[in-house]
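Engineer: Sequence and computational prediction follow.
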Amino acid sequence: MASGSATGAREAMAGESALTLLPTFVVVAVDATGMGIILPLLPFYSQRLGATPFLLGALISVYAACQLVAGPAVGMLSDRYGRRKVLVVSQIGTLIGFVLLALAGNLTLVFLARIIDGLTSGNISVAHAYAAEHSAPATRKQALGMTSGAIGTGLLLGPALSSFLVHYGQTAPVWAAAALSLISIVATIALLPPDHPASEPLHQHLTPEPTRMRSLLGLRYAWRLLGLLIVFFFVNSMFLSQIGLFLSARFSWDGHPFGARELGWMFAYAGFLSMVVQGLLITRVSLIVSDRSIVIAAFACMGIGFAGLAARDNVGLLAINLTLIIVGTMFARSTLTAELSRSTAINRQGMIMGLNQSLMSGANISAPLLSGALIGHRLFVPWALAMAAIAAIGAALAGQLLDTPRTR
């Protein structure tokens, strides 16, 4: 009887948390749809303006460098002034970046657009912090899964829209992304309730203000997680920054090389798999398998998929390899992010997620340059095998660094 009551209480808590975070889901989904529109288009849009694979890597790196500078400040500002205010400012920067990108007639303006977007970025880390702050510890993983699911929804709809809109010109998808960014700003203001950072959070697990930096430096388990996330971000950035040009060089569809339309469908498929993983699989798998085993298996799946890209240029085999990579990526990202959130106090979620984004940006600065150099010299097999080796390192490190709660 007591067990049934406890189960009912947990289900009620989960349902209440889902309703509270529904506006967050809408805001993040709209925002992610705009980003999803740009993802498959940017390599070919930049190439049309004269970008080489290395310059494309530099374009991604400069955006990441700006995120590296802005990430901690965005996180701490959201801790101090509230998630909604900082989220609106971040979204305004994204809107300006998209408008400049649509108007760009040369690579200089493309770089400027990405710099502005990067300096004001923080949408996802702030949304993760908001979700963590408005959920109980018992439902924290589901709450973060919900925001990740919103990202997956956007990455399903956005690339599909991009594939459709590219028929009307290469700037049409960019203007659509700008329009969605504007809608996201309005939705944030209208749907998200004002937060009061100075007040005590509902679900307490607080760190006293004077020990902010000392407590951060003392989070040994959090730093282990951040180390694993750096490996994940590095290999993921190597893959995403050049997959479009890799596919264009080695695969064709209906007699023409892969382009923005085919890459858009690939990203849409990734978004679909993300929704399946977040909505159906990850919670169920977590009930029967430890986070350590999930992360090891996720890195292993990614490594097998990357190694498969070095094999023959067969579209059927490509679909299998991409599925392994995408599923592994979703499990690794969600599990590590949820673990990171649980490793620190609730009123430090903005700081830890901002630090996470900054470390991600650090990996994203170097990885696209390395990836661009390899693809630029048409070293397709070494590119794929290098990613497979890094994923194998991630699996090995997960076995060593992830541990049971008793050792944290």
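Structural biologist: Alright, I've got the coordinates. Values in this document were obtained by computation on a predicted structure and should not be read as measured data.
Engineer: Tell me where the stretch 251-400 of the chain has strands.
Structural biologist: 252-253, 256-257 (DSSP state E, counting those that start in this stretch).
Engineer: burial count for the spatially closest residue to Ala310 that is not a sequence neighbour?
Structural biologist: Using Cβ to Cβ, 6 or more residues apart in numbering and skipping residues adjacent in sequence, the residue nearest Ala310 is Ala384, 3.9 Å away. Where C-beta positions appear, they are placed from N, C-alpha and C, glycine not excepted. Look at Ala384: counted by other Cβ atoms under 10 Å, it has 22 neighbours.
Engineer: just how off-centre is the host helix or strand of Phe239 within its chain?
Structural biologist: Secondary structure from DSSP states H and E places Phe239 in helix 220-250. Distance of helix 220-250 from the chain centroid (Cα atoms, centre = their mean, to the nearest Å) equals 10 Å.
Engineer: ok, now stretch 72-92?
Structural biologist: For stretch 72-92, the distance to the chain centre is 18 Å (Cα atoms, centre = their mean).
Engineer: Check the average confidence over it, would you?
Structural biologist: Stretch 72-92 shows a mean pLDDT of 79.
Engineer: So which bits of that stretch are buried?
Structural biologist: Judged by neighbour count (16 or more other Cβ atoms under 10 Å), stretch 72-92 contains these buried residues: 72, 74-79, 82-91.
Engineer: okay, how far is it across that stretch, tip to tip?
Structural biologist: Using Cα to Cα, to the nearest Å, the end-to-end distance of stretch 72-92 comes to 19 Å.
Engineer: what's the answer for stretch 157-177, then?
Structural biologist: Start-to-end, stretch 157-177 (Cα to Cα) is 11 Å.
Engineer: Residues in contact with it: which ones?
Structural biologist: Residues from elsewhere that reach stretch 157-177, judged by Cβ atoms under 8 Å, 6 or more residues apart in numbering: 29, 32-41, 44-45, 48, 98, 101-102, 260-268, 270-271.
Engineer: likewise stretch 256-274?
Structural biologist: The contact list for stretch 256-274, computed with Cβ under 8 Å, 6+ apart, reads 36, 39-41, 43-45, 148-149, 151-160, 162-163, 166, 170, 243-244, 247-249, 251-253, 322-323, 326-327, 330.
Engineer: what about burial for those residues, which qualify?
Structural biologist: Among these, those classed as buried by 16+ other Cβ under 10 Å are 36, 39-41, 43-45, 148-149, 151-160, 162-163, 166, 243-244, 247-248, 322, 326-327, 330.
Engineer: State the next helix or strand along the chain beyond the helix or strand bottoming out on mean pLDDT in the chain.
Structural biologist: Across the helices and strands of the chain, mean confidence by mean pLDDT, DSSP states H and E is lowest for helix 2-20: a mean of 47. Under the assignment DSSP H and E, the closest C-terminal helix or strand after helix 2-20 is helix 22-38.
Engineer: tell me what the helix or strand just after that following helix is packed against?
Structural biologist: The element immediately downstream of helix 22-38 (helix or strand, assigned by DSSP H and E) is helix 42-48. Helix 42-48 sits against helix 53-81, helix 107-119, helix 220-250, helix 260-276, with contacts defined as 3 or more Cβ pairs under 8 Å, 6 or more residues apart in numbering; DSSP states H and E.
Engineer: Now tabulate these in a markdown table and tack on distance to Val289.
Structural biologist: Formatted as a markdown table, those follow (distance: least, Cβ to Cβ, whole Å):
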| stretch | distance to Val289 |
| --- | --- |
| helix 53-81 | 31 |
| helix 107-119 | 36 |
| helix 220-250 | 17 |
| helix 260-276 | 17 |
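Engineer: does Thr94 really touch Asp117, like I thought?
Structural biologist: Yes - if you go by Cβ atoms under 8 Å, Thr94 and Asp117 touch, sitting 5.4 Å apart.
Engineer: who has more neighbours, those two?
Structural biologist: More crowded of Thr94 and Asp117, by other Cβ under 10 Å: Thr94, with 27 against 24.
Engineer: circling back to that earlier point, please identify the buried residues of the helix holding Phe239?
Structural biologist: 221-222, 224-226, 228-248.
Engineer: what does stretch 380-389 give?
Structural biologist: Of all the residues in stretch 380-389, those buried under the rule 16+ other Cβ under 10 Å are 380, 383-384, 386-388.
Engineer: cool, stretch 322-342 as well?
Structural biologist: For stretch 322-342, by 16+ other Cβ under 10 Å, it's 322, 324-342.
Engineer: Was I right to think Phe25 contacts Ile151?
Structural biologist: No - at 9.9 Å, Phe25 does not count as touching Ile151 under the criterion of Cβ under 8 Å.
Engineer: about what we covered before: among the helices and strands packed on helix 42-48, which is nearest Ala307?
Structural biologist: The minimum distance between Ala307 and the helices and strands packed on helix 42-48 falls on helix 220-250, with 12.3 Å, by Cβ to Cβ.
Engineer: and Ala127, what does it touch?
Structural biologist: The contact partners of Ala127, taken as Cβ under 8 Å, 6+ apart, are 24, 27-28, 83, 87, 147, 150.
Engineer: let's see 10 Å
Structural biologist: Counting by Cβ atoms under 10 Å, 6 or more residues apart in numbering, Ala127 touches 21, 24-25, 27-28, 31-32, 78, 83, 87, 90, 144, 147-148, 150-151, 188, 192, 353.
Engineer: And for Asp313?
Structural biologist: For Asp313, the contacting residues are 247, 249-252, 380, by Cβ under 10 Å, 6+ apart.
Engineer: swap in Arg114?
Structural biologist: 38, 42, 46, 59-64, 66, 97, 100-101, 104, 121.
Engineer: Perfect, I'm done here.
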